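Chemist: model this:
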Amino acid sequence: MNYWLIKSEPFKYSWEQFEHDKVTFWDGVRNYAARNNLRDMKKGDQLFFYHSNEGLEIVGIAKIVKEHYQDPTTPVAAWVVVDVAPVKKLKKPVSLAQIKADERLQQMDLIKYMRLSVQKVRKEEWDIILQMAGEKK
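Modeler: Numbers count the residues shown, from 1 in each chain. Reported below is the predicted structural model:
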């Protein structure tokens, strides 16, 4: 299994809306590195759901329920989407400030490539963030 992080501005698409929808396709990605990450996602992979611009925090866990396919919002074949579903809201959101302050997370893509909307998360980073969120002891 692989781990990822997807970003959404809460005023455009919040965790609460995501939970209400139950499943959505992750569209609007127009960056080649982010698109390549979408292509690498496999059914069952898990993702952190990050509120960007407002909040600046990881608020939940989601999973891939359908692997990449043509983005239905554009006729351009280069762009793809994946279907994602919420798994659970974190007990405690983990802020960008907390992540930046943790020496163990300094190589995380969220810090190194802040503008990238779809990012890889290493297993060690995943576990540390879950611990910070009160999800693991």
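Chemist: and the strands in this protein?
Modeler: In the chain, the segments counted as strands under DSSP state E are 3-8, 24-25, 46-51, 57-70, 80-95, 118-121.
Chemist: pairing partners for the last one, with directions?
Modeler: In the sheet, strand 118-121 lines up against strand 3-8 (antiparallel) (DSSP bridges).
Chemist: show me the shaky parts of this structure.
Modeler: 137 (pLDDT under 70).
Chemist: related to what we said a few turns ago, how about the strands of the chain, which one is nearest Ile129?
Modeler: Of all the strands of the chain, strand 80-95 sits nearest to Ile129, with 5.3 Å by CB to CB. C-betas here are computed from N, CA, C, even on glycine.
Chemist: now that closest one: buried residues?
Modeler: Across strand 80-95, burial judged by 16 or more other CB atoms under 10 Å covers 80-86, 90, 93-94.
Chemist: export those residues as a markdown table, with columns for distance to Asp102.
Modeler: As requested, these are arranged in a markdown table below (distance: CB to CB, whole Å):
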| residue | distance to Asp102 |
| --- | --- |
| Val80 | 32 |
| Val81 | 32 |
| Val82 | 28 |
| Asp83 | 31 |
| Val84 | 26 |
| Ala85 | 28 |
| Pro86 | 25 |
| Leu90 | 16 |
| Pro93 | 15 |
| Val94 | 9 |
